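A.B. asks: Predicted structure and sequence below. I'll ask about it afterward.
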Amino acid sequence: MHKIKRMSKVTTLNEFILDNQADFPFATGELSRILNDITVASKIVSRDVRKAGLVDHILGAQGETNIQGEDQQKLDVVADQQFIKAFENGGEVCGIASEENDDFVAFTSESAKQGKYVVLFDPLDGSSNIDVNVSIGTIFSIYRRVSEVGTLATLEDMLQPGTAQVAAGYVLYGSSTMLVYTTGKGVNGFTLDPSIGEFCLSHPNMRMPESGRIYAMNEGNIDICEPGIKAYTQYCQSFDNDKGAPYSGRYIGSLVADFHRNMIKGGIYIYPDTTTSPEGRLRLLYECNPLAFIAEQAGGLATTGRKRILDIKPERLHQRVPYFIGSKNMVEKVMSLLIEHGK
Ligand code: AHM
Ligand code: MG
């Protein structure tokens, strides 16, 4: 007789969100709806990313530059519009800020003005990897508005410290598409099954290993960094480190992909300030804070090399910060070397 193999139950992201709704701060269903909107938009972006190589006119710079002077790839713009549309039509979000828009956007419809949340996001991070078929990602961060409900969203709503986030997550368009998020009760990861078009729970309760042997940094910058950074990379490459053998250097140049790998395997991602980028490269509000929230929820750390990312009171929408994120012991080690070697 054949034994019937019992299939384990698949939990879809939508189901998971509803099942865990009671855990959310201010559990009213609104946050669940925002997460659902993000799910739908990221499926559409995932589809567009997957066919990017086929559609000639999607590839290449659009010929415009964003506020940071970088070329905007067409897919960045497409993804940006997709997410904005989802939030604008959803009714829970009163305004957004994104990497692709110089200023924040306050939605003007009456229903949007009733929205209690703002979302800050990077629609497609790792843009230099789009046209070379390397992993890219979306990063998002959700806050309760601080301005009065019924009015237009304000800059103050956008400039909240990372500790005030009610949810944050990322979507990785890698060899598969994954969505990972937290609402402050741990971190869960979902993989998109393209055959049924659903994100399915594949990485429940993700924990970042306390230490690892992977470091990710653009080492081309080593001579324009403070001396503690070189001391740390030398430590990573040495036989006298905590592992007794050189670590592996892995740098994709897509923050989401580098971070995701480190979440699973243990590792550190470093983007310090340099003499040419004295504030660092990565943006606090929609790149650093959301991943810092996830890292901490998974047992990792995120700092500027000197202080906790989530505690920073933002001053500007596109503010940059030096960034050290990953396994707890590794971030602590590099921080101690930064202090030892001084600026
Ligand atoms: P982007 O928002 O323009 O894509 O820039 C952010 C990206 C990160 O994903 C990545 O880690 C970093 O910039 C790479 O920078 P560099 O090319 O200087 O190493
Ligand atoms: Mg970016």
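C.D. replies: Now that the structure is in, tell me what you want to look at. Numbers count the residues shown, from 1 in each chain. Ligands and ions are numbered 1, 2, ... in the order given.

A.B. asks: secondary structure element for the residue most central in space within the chain?
C.D. replies: Residue closest to the average C-alpha location in the chain (CA atoms, centre = their mean): residue 139, at 3.5 Å. In this assignment (DSSP states H and E), residue 139 forms part of strand 136-144.

A.B. asks: what's the next secondary structure element after that strand?
C.D. replies: Sequence-wise, the next helix or strand beyond strand 136-144 is helix 155-158, with elements assigned using DSSP H and E.

A.B. asks: For residue 310, which residues are in contact?
C.D. replies: Residues in contact with residue 310, defined by CB atoms under 8 Å, 6 or more residues apart in numbering, are 161-163, 165, 289, 292-293, 296, 302. All C-beta atoms are positioned from the backbone trio N, CA, C, and that covers glycine.

A.B. asks: what do you get if the cut-off is 10 Å, keeping everything else the same?
C.D. replies: With contact set as CB atoms under 10 Å, 6 or more residues apart in numbering, residue 310 has these partners: 161-165, 288-289, 292-293, 295-296, 302-303.

A.B. asks: Identify the farthest-apart pair in those.
C.D. replies: Taking every pair in the contacts of residue 310 and measuring CB to CB, the maximum separation is 18.1 Å, between 164 and 303.

A.B. asks: any bit of the strand holding residue 139 sitting next to ligand 2?
C.D. replies: No. Against ligand 2, strand 136-144 shows no contacts by CB under 5 Å from the ion, the least distance being 7.3 Å.

A.B. asks: and that strand, which residues are buried?
C.D. replies: Buried positions in strand 136-144, judged by neighbour count with 16 or more other CB atoms under 10 Å: 136-144.

A.B. asks: which of these lies closest to residue 256?
C.D. replies: The shortest gap between residue 256 and any of the buried residues of strand 136-144 belongs to residue 137, at 2.6 Å (CB to CB).

A.B. asks: how near is that closest one to residue 129?
C.D. replies: Taking CB to CB, to the nearest Å as the criterion, residue 137 is separated from residue 129 by 10 Å.

A.B. asks: which residues do the two both contact?
C.D. replies: Jointly contacting residue 137 and residue 129 under the rule CB under 10 Å, 6+ apart are 173, 254, 257.

A.B. asks: So the second one sits against residue 133, correct?
C.D. replies: In other words, residue 254. No. Residue 254 sits out of contact with residue 133 when judged by CB atoms under 10 Å, with a separation of 11.7 Å.

A.B. asks: Of the two, which one has the most company?
C.D. replies: In this view residue 254 and residue 133 are compared by other CB atoms under 10 Å, and residue 254 has more residues nearby, 23 against 10.

A.B. asks: Tell me, how many residues neighbour the residue nearest to the more buried one when sequence neighbours are not counted?
C.D. replies: In this structure, residue 254 finds its nearest non-sequential neighbour in residue 126, 2.9 Å apart by CB to CB, 6 or more residues apart in numbering. Around residue 126 sit 21 other residues, with neighbours defined as other CB under 10 Å.

A.B. asks: where's residue 126 relative to residue 285, distance?
C.D. replies: Between residue 126 and residue 285 the distance, using CB to CB, works out to 17 Å.

A.B. asks: and the residue of the stretch 151-300 of the chain found nearest ligand 2, what pLDDT?
C.D. replies: Closest residue of the stretch 151-300 of the chain to ligand 2, CB to the ion: residue 287 (5.3 Å). Predicted confidence (pLDDT) for residue 287: 98.

A.B. asks: try residue 274
C.D. replies: 98.

A.B. asks: and the closest residue to residue 271 other than its chain neighbours, backbone torsions?
C.D. replies: When the adjacent residues along the chain are set aside, residue 271 lies closest to residue 323, with 4.6 Å between them (CB to CB, 6+ apart). Geometry field for residue 323 lists phi and psi as phi -140, psi 130, criterion degrees, to the nearest 10.

A.B. asks: ok, residue 323 - how many residues close by?
C.D. replies: Taking other CB under 10 Å as the criterion, the count of residues near residue 323 is 25.

A.B. asks: for the one 4 residues further on, same thing?
C.D. replies: By the measure other CB under 10 Å, the count of residues near residue 327 is 26.

A.B. asks: And it, how close does it get to residue 121?
C.D. replies: From residue 327 across to residue 121, the span is 26 Å (CB to CB).

A.B. asks: Spit out the contact partners of residue 45.
C.D. replies: With CB under 10 Å, 6+ apart, residue 45 has these contacts: 75, 78-80, 82-83, 123-124, 136, 138, 171, 173, 177.

A.B. asks: Tell me the one of those nearest ligand 2?
C.D. replies: Relative to ligand 2, and with distances defined as CB to the ion, the nearest of those is residue 124, at 7.6 Å.

A.B. asks: picking that back up, may I ask which two of the contacts of residue 45 are separated the most?
C.D. replies: The widest separation within the contacts of residue 45, taken as CB to CB, falls between 80 and 177 and amounts to 17.9 Å.

A.B. asks: just the helices in the stretch 201-343 of the chain please.
C.D. replies: 227-236, 255-265, 289-297, 328-341 (DSSP state H, counting those that start in this stretch).

A.B. asks: Residue 287 contacts residue 293, correct?
C.D. replies: No. Taking contact to mean CB under 10 Å, the distance of 11.9 Å between residue 287 and residue 293 leaves them out of contact.

A.B. asks: any common contacting residues for these two?
C.D. replies: residue 141.

A.B. asks: coming back round to it: deepest of the helices of the stretch 201-343 of the chain, which one?
C.D. replies: Highest mean neighbour count among those (mean count of other CB atoms under 10 Å): helix 289-297, with a mean of 27.
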